[in-house]
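In: I would like to see how this sequence folds:
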Amino acid sequence: MLHARTQIAVLAGAAIALPLATASAGQAKNVFLMISDGGGFNHFNAAAMYQYGLGNLPYEQAGWAKYGATTNPLNLSNSPTGDLVQDPNLVYDANKAWDTSPVAALPGFTGIPGLTNNGLFAGYDFVKTTYTDSAAAGTAIATGQRTYNGSINIDNQGNAMTSISEIAKSTGLSTGVVSSVYFSHATPATIGGAKAGSRNEYNNIANQMLDSGTLDLIMSPNNTGGGSFDRVGGLQTYTELQNGTHAGGWDLVESRAGIGALANGTATPTQGPLIGLVGDVSLQYLRPTSQDWNGNGTIDDSPFFPPTPDQLSERQSAP
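Out: Have a look, this model is predicted:
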């Protein structure tokens, strides 16, 4: 059981490793749900082999438990169809997913040099036709219920479902979403407790996340380039955030210096919920930034551009 006001920071994987807890281990101060969108066990294994060697990651050591879960959608519709029974063709089948039987190439596909049968196999065809999208997968993680592709915490009968952030908030805990893409994107939206029939309702989703009182922290790119403000709730909402007049009482941080002060603990304590928005489409690690969103002829002030010395060194030494 967590103490009241414990902060739950939620990032925008289906592969989850958790430390084994015992009564004598004490109570957790913070809980982090790390979601590597589209990632699975093999992605983590590949990264482990590159950086540490397979089996040497911290969560692969004694005292940790590893679990797997599937987030296949209820169906491939983009709107509610009324029933709550999963399409049997979408139920995960390990034998089908790992079937290495060769399959024919699509017309025009020249194949992958050096691989038998152009590298095409039945398992890949199976997972291509049973895929989930970020909205349905995020909803499954946030609510424990499968739904149709594109849904943000709405079930297949059109009913709103309760997210883990809302449950946490109702018990007195602090909650937040931190994302490498704009906060109204599907994954952070589901974890942040928004409700929408379509993941494309960015304006509606953003305003719900800001107005509902569920979240105490939002960190993401602002994605206001090109004069579009839908991703942050519209121009009026963005202006209210900048002016400190938003009804949700949000304190906005947008500059590299402001983000740095938060990181090193020198920022002035905020009186309300905190939102940090920076001027890029994505904050994917080491992804080059070359955007001039405000048209002033210079690269915008992003926390990750220009790179820090450590990032620059890692980028230059990468194979």
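
In: OK, contacts around residue 97?
Out: Residue 97 makes contacts with 123, 126-127, as judged by Cβ atoms under 8 Å, 6 or more residues apart in numbering. The way it works is simple: take the backbone N, C-alpha and C, and place the C-beta from them, glycine included.

In: mind putting those into TSV with pLDDT, secondary structure and distance to residue 269?
Out: Rendered in TSV, the data for those read as follows (pLDDT from 0 to 100; DSSP: H, G, I helix; E, B strand; the rest coil; distance: Cβ to Cβ, whole Å):
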residue	pLDDT	secondary structure	distance to residue 269
123	89	helix	52
126	88	helix	52
127	86	helix	47
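
In: among these, who's most crowded?
Out: residue 126 (19 neighbours; other Cβ atoms under 10 Å).

In: number of nearby residues for residue 104?
Out: Quick note: residue 104 (other Cβ under 10 Å) scores 10 neighbours.

In: was I right about it contacting residue 120?
Out: Yes: with contact defined as Cβ atoms under 8 Å, residue 104 reaches residue 120; the gap is 7.5 Å.

In: what's the neighbour count on residue 218?
Out: 24.

In: make sure it is indeed in a helix.
Out: No: under DSSP: H, G, I helix; E, B strand; the rest coil, residue 218 falls outside any helix and is assigned strand.

In: wait, isn't it in contact with residue 182?
Out: No: Residue 218 is beyond contact range of residue 182, at 10.1 Å (criterion: Cβ under 8 Å).

In: just checking, residue 92 touches residue 70?
Out: Yes: using Cβ under 8 Å, residue 92 makes contact with residue 70 at a distance of 4.1 Å.

In: what about these two, which has more around it?
Out: Between residue 92 and residue 70, residue 70 has the larger neighbour count (other Cβ under 10 Å), namely 17 against 14.

In: how much space separates the more buried one from residue 132?
Out: Between residue 70 and residue 132 the computed distance is 9 Å (Cβ to Cβ, to the nearest Å).

In: can you list residues touching both of these two?
Out: By Cβ under 8 Å, 6+ apart, residue 70 and residue 132 have no common neighbours.

In: which element follows the host helix or strand of residue 42 toward the C-terminus?
Out: Assigned by DSSP states H and E, residue 42 falls within helix 41-51. Once the chain leaves helix 41-51, the next helix or strand it forms, by DSSP H and E, is strand 64-68.
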